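Visitor: Any chance you could fold what I've pasted below:
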Amino acid sequence: MIFHHPGHILNNTSNFHSRDIIYPFDYSATRIYWSTEEIGKRCSYHCSIDVKNEVPLFKLSYQKQGKTEELENPCLDSLWKEILNSVAELRTKEPDILNLHVKFHPGTFLHGLTERTVLRIIEGLPGSDKLEGYTFCYGRIETVTLEHLVPFNPSQSARTEKYTKHTKRFACAVKFDFLVIS
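Guide: Numbering: from 1, shown residues only. Take a look at the predicted model:
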């Protein structure tokens, strides 16, 4: 899986999270999974989450016969079920290949929302602490305030810190925007 953007948490509605999963608006990732056209080939499925009528709209786009296919569905499992059924049907035609059991591949996993690192990043997004009814897997993350700042060391070395008596030490903060991996 290739993680692109964690998205944003919408706090004004409970439609964007359940007890176990957070569906961040503007989430973006790419899942590399079996192709629906040819056995043994892989395909890149671009996964994203949008908003339609204050409900999450799950989107999936991929290449099929040279054209970009786009699927949209408010139900994540139904969105991936079409892909999984195509792959399973293709695999049943070959006797030497293992069958794909669709019921063991949930849409939340294939969309990347239950990957451990992605889940950790999503739980650390601003506004995640205000989600009612969500059970955190990694605990609530403290937000960085002025009391948590690390003093700035101009020499960048702890060994020489005692020799820098005459230099002023200012507090510095590192602001993390979003992790983008591509």
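
Visitor: Over the helix or strand in which residue 71 is found, what's the mean pLDDT, rounded is fine.
Guide: If you go by DSSP states H and E, residue 71 is part of strand 67-73. Mean pLDDT, computed over strand 67-73, is 93.

Visitor: Please export the C-alpha coordinates of stretch 1-16 as CSV.
Guide: These are the backbone C-alpha positions of stretch 1-16, laid out as CSV (Å, rounded to 0.1, in the frame of the first residue of the first chain):
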residue,chain,number,x,y,z
MET,A,1,0.0,0.0,0.0
ILE,A,2,1.2,3.5,-0.8
PHE,A,3,-0.1,6.2,1.6
HIS,A,4,-0.6,9.6,0.1
HIS,A,5,-2.7,11.9,2.5
PRO,A,6,-4.3,11.2,5.8
GLY,A,7,-7.1,13.7,5.3
HIS,A,8,-9.1,15.7,7.8
ILE,A,9,-11.4,14.7,10.6
LEU,A,10,-14.9,16.2,10.5
ASN,A,11,-16.2,16.6,14.0
ASN,A,12,-19.6,17.9,13.3
THR,A,13,-21.0,14.6,12.2
SER,A,14,-20.9,11.0,13.5
ASN,A,15,-21.1,9.5,10.0
PHE,A,16,-17.3,9.7,9.6
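
Visitor: gap between that stretch and the chain center?
Guide: Between the mean C-alpha point of stretch 1-16 and the mean C-alpha point of its chain there is a distance of 8 Å (Cα atoms, centre = their mean, to the nearest Å).
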